[in-house]
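In: A structural model of the following input is requested.
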Amino acid sequence: MSVFGVIRDAITGLTASVEARKQTPTSNALNVQIGPGDIISNIPVIMDFGQHQIHEGESHGFGYYTTNPATISFGLTVPVYNPTIAAPHLIMHVDAYEGAGEIALFEGVTWTGGTAGLVYNRNRNSATAPGMTVTQGVTVTGAGTRLPYTSFVAAGQKASSVARNLDEIVLKSNTLYAVVFTEILAITRLVIHLEFYEDLGV
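Out: Coordinates of the predicted model:
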């Protein structure tokens with residue numbers, strides 16, 4: 001695209017010339033706004049996609065706390081999603097006080113028993129409920145496929161980072177999963193967080 005002369009705004013009459021990129025334009029500049037601006041400096045303000053999902057009410061969390069961890073399994077029921085981009089985008093976090101343990105994710109499992117886990121919308125002003133359910137304390141009867149997301153946790157060290165590009169797993173539509181925590185050395189207190197969003201296209 002070639003532009004000759006100046007660009008003129010039909011309403012205000014202001015003109016802007018085409019010039020080399022500069023930190024501070026020397027004259028009127030064509031304003032291409034990529035988002036809201038900071039109220040002091042007018043620098044564009046952006047947020048990462050995971051935070052956007054929280055704001056949109058599409059992000060959910062499940063938490064488990066115990067003082068007697070031993071081995072426990074959680075069943076994830078992933079329903080049919082169409083389109084599949086709406087399927088859960090999962091991150092697992094584990095914190096242990098003393099001792100050590102292992103957390104692993106299995107796909108295509110079968111399990112029985114357990115009790116329904118409480119899953120919360122991370123935007124407490126949103127009434128959107130997740131499609132995926134979490135069942136706590138299940139008995140895994142068919143191991144399925146162990147996915148390559150096994151992590152170890154020790155006192156003072158998280159089993160996973162907070163970087164979605166490294167730790168996020170998009171779960172398969174219409175599939176059962178098991179998250180299995182196994183104690184290796186005696187743990188005094190254990191916290192497990194399963195954080196996920198379902199992209200509803202909002």
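In: CA only for contacts and neighbour counts going forward, please
Out: Will do.
In: point out where this protein drops to low pLDDT.
Out: Counting by pLDDT under 70, the chain shows low-confidence ranges at 1-7, 9-10, 16-35, 156-165, 202.
In: what is the burial count for the residue nearest to A86 when sequence neighbours are not counted?
Out: Spatial nearest neighbour of A86, excluding adjacent residues (CA to CA, 6 or more residues apart in numbering): D199 at 4.4 Å. For D199, the neighbour count with other CA atoms under 10 Å is 18.
In: for D199, give me phi and psi.
Out: Per-residue torsions, D199: phi -80, psi 100 (degrees, to the nearest 10).
In: list the contacts for it?
Out: For D199, the contact set (CA atoms under 8 Å, 6 or more residues apart in numbering) comprises Q53, E58, I85, A86, A87, P88.
In: can you rerun that using 7 Å?
Out: E58, I85, A86 (CA atoms under 7 Å, 6 or more residues apart in numbering).
In: what are the buried residues along the longest helix anywhere in the chain?
Out: In the chain, ranked by residue count with DSSP state H as the criterion, the top helix is helix 49-55. Buried residues in helix 49-55, defined by neighbour count with 16 or more other CA atoms under 10 Å: Q53, I54.
In: neighbours around the residue lying closest to R8 once chain neighbours are set aside, how many?
Out: What sits nearest to R8 in space, not counting adjacent residues and going by CA to CA, 6+ apart, is T15, at 4.3 Å. For T15, the neighbour count with other CA under 10 Å is 15.
In: tell me the spacing between T15 and N42.
Out: 21 Å (CA to CA, to the nearest Å).
In: ok, which stretches of the chain are helices?
Out: 49-55, 164-167.
In: in CSV, list the ones you listed along with distance to E195.
Out: Formatted as CSV, those follow (distance: least, CA to CA, whole Å):
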stretch, distance to E195
helix 49-55, 11
helix 164-167, 11
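In: and of these, who's closest to R8?
Out: Of all those, it is helix 49-55 that lies closest to R8, at 36.1 Å by CA to CA.
In: which neighbouring elements make contact with the closest one?
Out: If you count contacts as 3 or more CA pairs under 7 Å, 6 or more residues apart in numbering; DSSP states H and E, helix 49-55 packs onto no helix or strand.
In: centre of the chain to it, how far?
Out: How far helix 49-55 lies from its chain's middle: 8 Å, per CA atoms, centre = their mean, to the nearest Å.
In: next one: stretch 84-103
Out: The mean C-alpha position of stretch 84-103 is separated from the chain mean by 11 Å, CA atoms, centre = their mean.
In: all set, thanks.
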